[in-house]
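J.: Got a predicted model here, sequence first, then my questions.
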Amino acid sequence: MFLNIKGLTFGYRSNLILRDIHMSLNQGEVASIVGPNGAGKTTLLKSMASILPLQKGSVSIAGKDVRSIKSADLAKMQAYVPQQAPLGFPLTVMETVMLGRKPYIRWGVRTHDLAIVESLLSELHLNQYAERYMDELSGGERQKVLIARALAQQPHMLLLDEPTSALDIRHQLEVLEIVRNLAKRSGILVVLILHDLELAARYSDVVYMLKDGAVFASGKPQEVFTAANMEKVYGVRMEIEAATYGLKMTAVESLYR
Ligand SMILES: Nc1ncnc2c1ncn2[C@@H]1O[C@H](COP(=O)(O)OP(=O)(O)OP(=O)(O)O)[C@@H](O)[C@H]1O
């Protein structure tokens, strides 16, 4: 297993958020973390990314405890894209994506770094924005640039917090297809937080469904997205059927009325 999480428990002050999480993920897999608002998805992803300190339990990557990996090495192994990133001082799209190369750049930008950035801008159809400043982009365009920056890191593990929330349907599919191809082609482990469960079913090999900070169900999409699980976790009665591309889920009624 490439990523192993054992007994991860985390709290903000006395408030327990994650309870005894166990996860095992392989390279080349696309895994989604789903669950209702406040279930602990972002807290879990930040714990995986070593942004939050480990309080209890362990996280290991390629057999190594993350606490024993130097932060410069960790930056080459994993890339994390938050829901929203602060803009900071003004940078162009090109400069922002180039920041992803930082862990590899010692004395200056090489033609190799430039080639990687240019190929990502082209793959994500961002070339025409290369010289634009980040605050001159739409929310969706900015989200794609942040994904390009993460890919420029050439990580073994890509952690994306709701990468499609600001994107229209065409760009949602574009981004998810790019990351899925990357997982399959380059053997990267991709972990996504997704609220759109049909997209999660369509693009994930494995799904972790959280409820109140614990893993309620995990496995293949069709094993996790059952009407019984949806009712218990989301409090919504749903009809779920197999579709050409994954699963079709229709909310029948909320149980809170
Ligand atoms: N910095 C913080 N300090 C204290 N509590 C926090 C902090 N960040 C998050 N929380 C709390 O932790 C819980 C889990 O938050 P988290 O952001 O992990 O949930 P989530 O499942 O990602 O939610 P959403 O779907 O709404 O993004 C929430 O109750 C939230 O209020």
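T.: All right, it came through fine.

J.: contacting residues for the residue nearest to Val59 when sequence neighbours are not counted?
T.: If the residues on either side of it in the chain are set aside, Val59 comes closest to Val66, at 4.8 Å by CB to CB, 6 or more residues apart in numbering. C-betas here are computed from N, CA, C, even on glycine. The neighbourhood of Val66, defined by CB atoms under 8 Å, 6 or more residues apart in numbering, consists of 50, 54, 59-60, 74.

J.: Over to Met1?
T.: Each residue near Met1 by CB under 8 Å, 6+ apart is listed here: 24-26.

J.: what number of residues lie near Leu247?
T.: Per other CB atoms under 10 Å, the neighbour tally for Leu247 reads 16.

J.: swap that for Pro221, sorry
T.: Neighbours of Pro221 (other CB under 10 Å): 20.

J.: What of Arg101?
T.: Neighbour tally, Arg101, other CB under 10 Å: 19.

J.: Now rank the contacts of Val66 by neighbours and give me the top one.
T.: Going by other CB under 10 Å, Val59 tops those with 20 neighbours.

J.: Which pair of the contacts of Val66 spans the longest distance?
T.: Leu54 and Leu74 (13.0 Å; CB to CB).

J.: part of a helix, is His112?
T.: Yes. Assessed by DSSP: H, G, I helix; E, B strand; the rest coil, His112 belongs to a helix.

J.: quick revisit: closest to Ser204 out of the contacts of Met1?
T.: Leu25 (11.1 Å).

J.: Leaving out sequence neighbours, find the closest residue to that closest one.
T.: Spatially, and ignoring its direct neighbours in sequence, Leu25 is nearest to Leu3 (4.4 Å; CB to CB, 6+ apart).

J.: Quick check: that neighbour touching His22?
T.: No. Leu3 is beyond contact range of His22, at 11.5 Å (criterion: CB atoms under 8 Å).

J.: Compare those two (neighbour count), which wins?
T.: Leu3 (23 against 13).

J.: quick revisit: who wins for neighbours among the contacts of Met1?
T.: Leu25 (21 neighbours).

J.: What pLDDT does the model give that residue?
T.: Residue-level confidence at Leu25 comes out at 97, pLDDT.

J.: Go ahead and confirm it touches Ile33.
T.: No. Here Leu25 does not reach Ile33: they are 10.8 Å apart, not a contact under CB under 8 Å.

J.: Identify the contacts common to those two.
T.: Listed as contacting both Leu25 and Ile33 by CB under 8 Å, 6+ apart are Val191.

J.: Next to the ligand, which bits of the chain? Give me the list.
T.: 12, 15, 17, 35, 37-43 (CB under 6 Å from any ligand atom).

J.: Helices - which of those residues land there?
T.: 41-43 (DSSP state H).

J.: Just want the most central residue of this structure.
T.: Taking CA atoms, centre = their mean, the centroid of the chain lies closest to Leu160, which sits 2.1 Å from it.

J.: check which helix or strand covers that residue.
T.: Per DSSP states H and E: Leu160 is located in strand 157-161.

J.: what's downstream of that strand, the next helix or strand?
T.: helix 169-186.

J.: list the helices and strands that next one packs on?
T.: Under the contact criterion of 3 or more CB pairs under 8 Å, 6 or more residues apart in numbering; DSSP states H and E, helix 169-186 touches strand 30-34, helix 139-152, strand 157-161, strand 189-193, helix 197-203.
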